[in-house]
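Peer 1: Sequence first, then the predicted structure:
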Amino acid sequence: MNRWQFFKRLAPLLALMVLVLSACGRADLSALNPQGPVAQEQFGLMKLAFSIMVGVVVIVFALCLFVIIRFRRRRGDKSIPKQVEGSHKLEIIWTVIPIILLIILGVPTVQTVFNLSKDHSNDPDAVKVIVTSHQYWWEFEYPELGIKTAQELVIPKGKTITIEAKTADVLHSFWVPSLAGKIDTNPGGSTNKMFFSAPKEGVYLGKCAELCGPSHGLMDFKVKSVDDASFDRWAAALQAPVAMPSDPVVAAAFESKCLVCHAVGDKGGPLYPNLTGIGSRDSVGGILINTDDPKYSNEGSTYDNLHRWIENPDDIKPGNLMGQIDLTQQELDGIAKYLSELTLDYEQ
Ligand code: HEC
Ligand SMILES: [Cu+2]
């Protein structure tokens, strides 16, 4: 076999491996690696359905093989086998078994569906969050605390988080695979509800799960579960007033070119991502990861990522609604530096 033929034979296998393996390796983005009670319950259903299916497949194939081999026509055998059509016994067996399997599958599924659609929003211990999806970013509002943030949903570990999900434009879907199933954000003013909790501290990746435009695949967000004290410090820090850039040229540019849309502290507009504390977030725009870890293809320091984003946001998320902002080099460098230093120290 020459080399080309060898490759041709290997190619489909390689393609299949890429397909299968590319979804592996991110424990923070897997419904098969549940990190909270809601995801756990959903995973339980998956395991149940999967075992029933595997059981059925194995038994049916085994029976088939057995029958094909045991009852094959032997040489010289011209007889007609015993005919079993209309057999009441067989008809009853293969009607009743699937009914039993469907009941085993159906009862816990319906139970879970009702369990997980319970409304916890009146639970005094629950933390209420209004999630608003935008092309291509996520807004998180904590109505009881009077704060708003973007891309990073900070939650106290173990507490029930109740989500009221809506959209500012088109259909998106809120999904944190390792913590909870997804929920659509429907145009037309309606809201959908769900709840989840994260008993362990950690960062869990979220995705938009509904094709919503050219940058749909870049519409990532994070759920960050922290201890109660850190959460309280975070919420308090987010409400504190924020100083403007010290360089007057940079400050003037920031106020006139950025605060028309964005808010920091108590200044600016409410309609676009709130930039308070952006210097301590894990990412810029939800997609440029602030790290030097080579595991991520989009890595860079917080400053570098902010610089890249502000210089040309369309390069990073095509079609996003920030558009190109005209800045001098001094303004660009100064604003990126100012934002990278706009931190919230809440984790200890
Ligand atoms: C026309 C309104 C508008 C103006 C003006 C604007 N932005 Fe934005 N900005 C947006 C929108 C919309 C997004 C979200 C884009 C996305 O992720 O799809 C955004 C995102 C960002 C982000 C990422 C936010 C996050 O949560 O990670 C940063 C940083 C940012 N803008 C900085 C700036 C700076 C600095 C300026 C001024 C030079 C500026 N923006 C001017 C609308 C605006
Ligand atoms: Cu979306």
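Peer 2: Done, it's in. Ligands and ions are numbered 1, 2, ... in the order given.
Peer 1: got the contact list for the residue nearest the centre of the chain?
Peer 2: By CA atoms, centre = their mean, the mean C-alpha position of the chain lies nearest to G206, the distance being 2.4 Å. G206 sits next to W138, L153, F174, W175, V176, D220, F221, K222, V223 when contact means CB atoms under 8 Å, 6 or more residues apart in numbering. Where you see a C-beta, it was placed from the backbone N, CA and C, and this is true even at glycine.
Peer 1: The third one is in contact with V131, isn't it?
Peer 2: Pointing back at F174 there. Yes. Judged on CB atoms under 8 Å, F174 makes contact with V131 at a distance of 5.6 Å.
Peer 1: coming back round to it: could you dump the contacts of G206 to a markdown table with secondary structure and pLDDT?
Peer 2: Shown next, in a markdown table, are those (DSSP: H, G, I helix; E, B strand; the rest coil; pLDDT from 0 to 100):
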| residue | secondary structure | pLDDT |
| --- | --- | --- |
| W138 | strand | 96 |
| L153 | strand | 96 |
| F174 | strand | 96 |
| W175 | strand | 95 |
| V176 | strand | 95 |
| D220 | coil | 92 |
| F221 | strand | 94 |
| K222 | strand | 93 |
| V223 | strand | 95 |
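Peer 1: Tell me the one of the residues you listed nearest S280?
Peer 2: K222 (12.3 Å; CB to CB).
Peer 1: In contact with the closest one, which residues?
Peer 2: Q151, E152, L153, V203, Y204, L205, G206, D282, S283, G286.
Peer 1: try V264
Peer 2: Per CB under 8 Å, 6+ apart, neighbours of V264: V242, N274, L275, T276, L342.
Peer 1: Phi, psi for it please.
Peer 2: Per-residue torsions, V264: phi -130, psi 140 (degrees, to the nearest 10).
Peer 1: Please tell me how far it sits from E341.
Peer 2: From V264 across to E341, the span is 12 Å (CB to CB, to the nearest Å).
Peer 1: So for stretch 116-125, first residue to last residue, what's the gap.
Peer 2: With CA to CA, to the nearest Å as the measure, stretch 116-125 spans 17 Å from end to end.
Peer 1: How about stretch 208-223?
Peer 2: Distance across stretch 208-223, first residue to last, is 13 Å (CA to CA).
Peer 1: Show me what counts as buried in it.
Peer 2: 208-210, 212-213, 215-216, 218-223 (16 or more other CB atoms under 10 Å).
Peer 1: Give the phi and psi angles for the residue nearest to the centre of the chain, as a check.
Peer 2: Dihedral pair for G206: phi -120, psi 160, per degrees, to the nearest 10.
Peer 1: what's across from it in the sheet?
Peer 2: Legend: beta-bridge partners of G206 under DSSP bridges are F221.
Peer 1: wait, W175 sits on T185?
Peer 2: No. In this structure W175 lies outside contact range of T185 using CB under 8 Å: 10.8 Å.
Peer 1: So which of these two has more stuff around it?
Peer 2: T185 (27 against 20; other CB atoms under 10 Å).
Peer 1: Tell me the bridge partners for the more buried one.
Peer 2: Beta-bridge partners for T185, by DSSP bridges, are H172.
Peer 1: So it versus ligand 2, what's the distance?
Peer 2: Look at T185 and ligand 2: by CB to the ion, to the nearest Å, they are 8 Å apart.
Peer 1: Can you give me the distance of that residue to ligand 1?
Peer 2: Counting by CB to the nearest ligand atom, to the nearest Å, the separation of T185 from ligand 1 is 15 Å.
Peer 1: Let me see the contact set for that residue.
Peer 2: Shown in contact with T185 (CB under 8 Å, 6+ apart): V131, T132, S133, A165, K166, T167, L171, H172, S173, F174, N192.
Peer 1: One more pass at 10 Å, please.
Peer 2: T185 is in contact with 131-134, 138, 163-174, 191-192, 208, 210, 212, counting by CB atoms under 10 Å, 6 or more residues apart in numbering.
Peer 1: And those, which of them are buried?
Peer 2: Buried subset of the contacts of T185 (neighbour count, 16+ other CB under 10 Å): 131-134, 138, 163-167, 170, 172-174, 192, 208, 210, 212.
Peer 1: between the contacts of G206, which is closest to L145?
Peer 2: Nearest to L145, judged by CB to CB, of the contacts of G206 is L153 at 13.0 Å.
Peer 1: surely the closest one meets D220?
Peer 2: No. Counting by CB atoms under 10 Å, L153 does not reach D220; the two are 11.8 Å apart.
Peer 1: residues shared between the contacts of these two?
Peer 2: Common contact partners of L153 and D220 (CB under 10 Å, 6+ apart): W138, G206.
Peer 1: Doesn't G217 lie inside a strand?
Peer 2: No. Per DSSP: H, G, I helix; E, B strand; the rest coil, G217 lies outside any strand segment and is helix.
Peer 1: residues contacting it?
Peer 2: By CB under 10 Å, 6+ apart, the residues touching G217 are Y136, K207, C208, L211, I287, K317.
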